[in-house]
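Enquirer: Here's a sequence, model it:
(chains A and B)
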2 protein chains.
Amino acid sequence: MPHTQLHALFSLFLLLAAAKIGEEVFIRLRQPGLVGQILAGFIIGPSLLHWLQPSGTLDFMAEIGVIFLLFETGLETQPEELLEQGTLSLAVAVLGVLTPLGLGWWFARSVGENPITARFVGTLLTATSIGITAKVLADFGATRSRFGRVILGAAVLDDILGLLALSILASFAAPHLKLTNIAFTIGFVTVFFILVLVLRRAAWPRLSPRLGRLRAGSPVWAFSLVLLLGFSAMSAYIGLAAIIGAFLAGIFLSETESAGQPLRQRAEAVSSFVVPFFLADIGLRVNLHDLISRHALFLIAALTLIAMFSKLAACGLAALPLGRRDALRVGLGMIPRGEVGIVVADQSLRIAAIPREYYSISIAMAVLTSIFGPILLRLALKQDAQPARESSAARA
Amino acid sequence: MPHTQLHALFSLFLLLAAAKIGEEVFIRLRQPGLVGQILAGFIIGPSLLHWLQPSGTLDFMAEIGVIFLLFETGLETQPEELLEQGTLSLAVAVLGVLTPLGLGWWFARSVGENPITARFVGTLLTATSIGITAKVLADFGATRSRFGRVILGAAVLDDILGLLALSILASFAAPHLKLTNIAFTIGFVTVFFILVLVLRRAAWPRLSPRLGRLRAGSPVWAFSLVLLLGFSAMSAYIGLAAIIGAFLAGIFLSETESAGQPLRQRAEAVSSFVVPFFLADIGLRVNLHDLISRHALFLIAALTLIAMFSKLAACGLAALPLGRRDALRVGLGMIPRGEVGIVVADQSLRIAAIPREYYSISIAMAVLTSIFGPILLRLALKQDAQPARESSAARA
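Expert: From the prediction side, this is the model:
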């Protein structure tokens, strides 16, 4: 057996096992499993235990992992649901994206960073993690409450806005800002998005039953996989992040069933295999030395506070029509940065000229908001357990 | 977006799409889908259309693919079922392995190949494809007939014997034959195998419900994935083929359920994504120039005839206690070489000193037996459709 194959298999085994253990430990501590997987990579990586080094194999699996993570996020997005609390969600999302974007940019400039890094810092702070907040809302049975739907709608919208900001950032790989590039990027994303929404309603309902008549094993799932890779490659080809294609493929297929089961179940089987590599690989690549300098600790603290305050204030303000109590909950619910923030940091490190230490600092910020956000939201929800009753009444 | 990422995504998309189309076309032609996937890679590869070249990315996905292919094969293997027609299956398997092994070795030596190549040619001819024959039997409703069970039992056993032969072959990477190496390899495989069978009965039934109590998403599936990578890495570490570990992980988990569904369903969702890369990558790496020389055509024809005749004669002879008609069916049912034969060719190319052209020739042989075997078996089963009635009676 060649040595490289043994090494690759062993590192895959080690990273997956660590990630799964980290996830379980964090869920038992009532913390986001996603954070546990990142920390697991950090612990066994070169920063602490030195059991594993970043490698091309792991980076490739991480790449596949993030594509499936965004695919799954897309599968869970029902564009129609966004319209239920449409105006309010849109207001929360837009204010909640612009405020951290502006504050992050202003802060980075004021500590002396160059304009490219400042744009990156702003982008990093934009997107709320749907997954983490959805989990807390579900724990309190508040997913179908009015403020819960506003939060989820806004979180989906700011994912899209965050990915758009990332694409714009990617078009800055060239050091001088070209307005035509930005216009092209926004145009591409908009056209791509509208095309997906239209085809999903117009063509897919007629195509889907025909696929079911194919004779190869699980044809709908096979088609979905081809579509996922095709959208991702196309997205990369026209200069967007590949994950935008993956996300749109998920939205396109979000109501599809395969052999009587929602597609989500099959996607989940693959995600459970590949997504841990994305998360744990992030921890693996965080450099402890980048985190423990005085300057780094200052940046982490400042960015975490800005991240929390900007969403709380902007989203809370936008949600005031719901009343002060629910507005506070919306603001708190929008705090956790997760998937998309981490993806932004990850892709920015690969494409743009940002200082290396910002990668580790960004991950630390995302991890901290993902821990503090749910704690604060839980406190606000516990004050009185009314939302839980409210929602079970709504369900009944 | 970096150029390499775009290139990797695009080649993944192209190979997966081609494989799925090839599978569908072949199934419609009533041919094995596996062959269609190999041919799809061959057609779009450097031999014909030049759309795609072999690459490190595709080889890595192929590696993951073959691990899941053997994992799935293991999941479908119930060791207990082998005992149902135990003695007869064992006789068919052993005679059916030794005869092609010997004939292949003798033939290669007599056309002037060196001893290492001769051993490789022999090993290549040993293992029947479970998947292909099982499909034909299922089409005729003959899976539960007596000769059907003999075939399936023998096919499983000769997979194990074939993998064992491959491990022995791998221990020949050093040019001089060491008997202690062979003894170690046989010892390792035997101990590993027995350990898996014992733990599966003794420890797993107690461990499995505890896993179900873990709180992370789909814990049983998560554990299975970690076990699969762990067994594969361990297997490579002690000098066996990694796929033996994957196969044993499958056997270990073959009766496991995850969230009320057989584990097989989740494994199938992943296999459907990764296995096509293994199969199509094989076609991609077949070199047309290695196939069209006069010498190569002679070798392909000779090896295909030896492969068919040796299984037909040896297995048919061993199955004579079933009567002449069923013995003929057993012999025909054992003809198709598929997964394991291809795996042997694949791994031998990577580890051992075999001439490059033998890789392409071996794949051609496996493909031809997989096409001719089922055609002949179908003819024999059609002669009278009795097995179908027999088995539906047995089912009712």
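Enquirer: Helix or strand with the lowest mean pLDDT in chain A?
Expert: Sorted by mean pLDDT, DSSP states H and E, the helices and strands of chain A end with helix A:386-395, the least confident at a mean of 42.
Enquirer: Quick one: list the elements packing against whichever helix in chain A runs longest.
Expert: The longest helix of chain A (DSSP state H) is helix A:356-383. Judged by 3 or more C-beta pairs under 8 Å, 6 or more residues apart in numbering or on different chains; DSSP states H and E, the packing partners of helix A:356-383 are helix A:33-44, helix A:115-124, helix A:130-139, helix A:263-285, helix A:288-291, helix A:294-318, helix A:324-333, helix A:339-351. C-beta: built from backbone N, CA, C; applies to glycine.
Enquirer: what is the mean pLDDT for it?
Expert: In this model, helix A:356-383 has a mean pLDDT of 84.
Enquirer: in it, what counts as buried?
Expert: A:357-374, A:376-377, A:380-381 (16 or more other C-beta atoms under 10 Å in any protein chain shown).
Enquirer: I'd guessed A:Gln78 sits against A:Arg264; true?
Expert: No: contact criterion C-beta atoms under 8 Å: A:Gln78 and A:Arg264 do not qualify, at 11.7 Å.
Enquirer: Neighbour count for the two, which is higher?
Expert: A:Arg264 (18 against 14; other C-beta atoms under 10 Å in any protein chain shown).
Enquirer: Might one say that the more buried one is in contact with A:Glu76?
Expert: Yes: in this structure, A:Arg264 is within contact of A:Glu76 by C-beta under 8 Å, at 7.1 Å.
Enquirer: list the buried ones in stretch A:343-360?
Expert: Of the residues in stretch A:343-360, A:343-349, A:351-352, A:354, A:357-360 count as buried by neighbour count, 16+ other C-beta under 10 Å.
Enquirer: Need the distance between the two termini of that stretch.
Expert: Stretch A:343-360 has its terminal residues 13 Å apart, counting by C-alpha to C-alpha, to the nearest Å.
Enquirer: Run through who's touching that stretch.
Expert: Outside stretch A:343-360, the residues that touch it by C-beta atoms under 8 Å, 6 or more residues apart in numbering or on different chains are A:66, A:70, A:113, A:116-117, A:120-121, A:123-124, A:126-127, A:162, A:165-166, A:169-170, A:172-173, A:175, A:241, A:243, A:282, A:285-288, A:290-291, A:296, A:362-363, A:366, B:1-2.
Enquirer: Give the buried subset of these as a ChimeraX selection command.
Expert: Here is the ChimeraX command that selects the buried residues among the contacts of stretch A:343-360 (16+ other C-beta under 10 Å):
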select /A:66,70,113,116,117,120,121,123,124,126,127,162,165,166,169,170,172,241,243,282,285,286,287,290,291,296,362,363,366 /B:1
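Enquirer: Give the other helices and strands that the strand or helix carrying A:Ala183 contacts.
Expert: A:Ala183 is located in helix A:179-202, with elements delineated by DSSP states H and E. With contacts taken as 3+ C-beta pairs under 8 Å, 6+ apart, helix A:179-202 sits against helix A:146-170, helix A:242-252.
Enquirer: Of those, flag the one that's most buried.
Expert: Highest mean neighbour count among these (mean count of other C-beta atoms under 10 Å in any protein chain shown): helix A:242-252, with a mean of 26.
Enquirer: does any bit of it sit next to chain B?
Expert: Yes: using C-beta under 8 Å from any C-beta of the partner chain, helix A:242-252 reaches chain B at A:Ala242.
Enquirer: and the angle from that helix to helix A:146-170?
Expert: For helix A:242-252 against helix A:146-170, the angle by axes from the mean of the first three to the mean of the last three C-alpha atoms, to 10 degrees is 140 degrees.
Enquirer: Now do helix A:242-252 against helix A:263-285, angle only.
Expert: Using the same axes, to 10 degrees: helix A:242-252 against helix A:263-285 is 160 degrees.
Enquirer: Restrict helix A:242-252 to CA atoms and write it as PDB.
Expert: Below are the C-alpha coordinates for helix A:242-252, written out as PDB (Å, rounded to 0.1, in the frame of the first residue of the first chain):
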ATOM      1  CA  ALA A 242     -18.800  28.100  -6.300                       C
ATOM      2  CA  ILE A 243     -20.900  27.900  -3.200                       C
ATOM      3  CA  ILE A 244     -23.400  30.300  -4.600                       C
ATOM      4  CA  GLY A 245     -24.100  27.700  -7.300                       C
ATOM      5  CA  ALA A 246     -24.400  25.000  -4.600                       C
ATOM      6  CA  PHE A 247     -26.800  27.200  -2.600                       C
ATOM      7  CA  LEU A 248     -28.900  27.900  -5.700                       C
ATOM      8  CA  ALA A 249     -29.000  24.200  -6.600                       C
ATOM      9  CA  GLY A 250     -30.300  23.500  -3.100                       C
ATOM     10  CA  ILE A 251     -33.100  26.100  -3.600                       C
ATOM     11  CA  PHE A 252     -33.900  24.700  -7.000                       C
END
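Enquirer: any low-confidence regions in the stretch 51-200 of chain A?
Expert: Across the stretch 51-200 of chain A, the ranges flagged by pLDDT under 70 are A:80-84, A:131, A:139, A:143, A:170-182.
Enquirer: could I get the helices and strands packed on helix A:179-202 as a markdown table with distance to B:Leu103?
Expert: Shown next, in a markdown table, are those (distance: least, C-beta to C-beta, whole Å):
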| stretch | distance to B:Leu103 |
| --- | --- |
| helix A:146-170 | 60 |
| helix A:242-252 | 50 |
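Enquirer: quick one, which of those is nearest to B:Gly96?
Expert: With C-beta to C-beta as the measure, helix A:242-252 is the member of the helices and strands packed on helix A:179-202 nearest B:Gly96 (45.8 Å).
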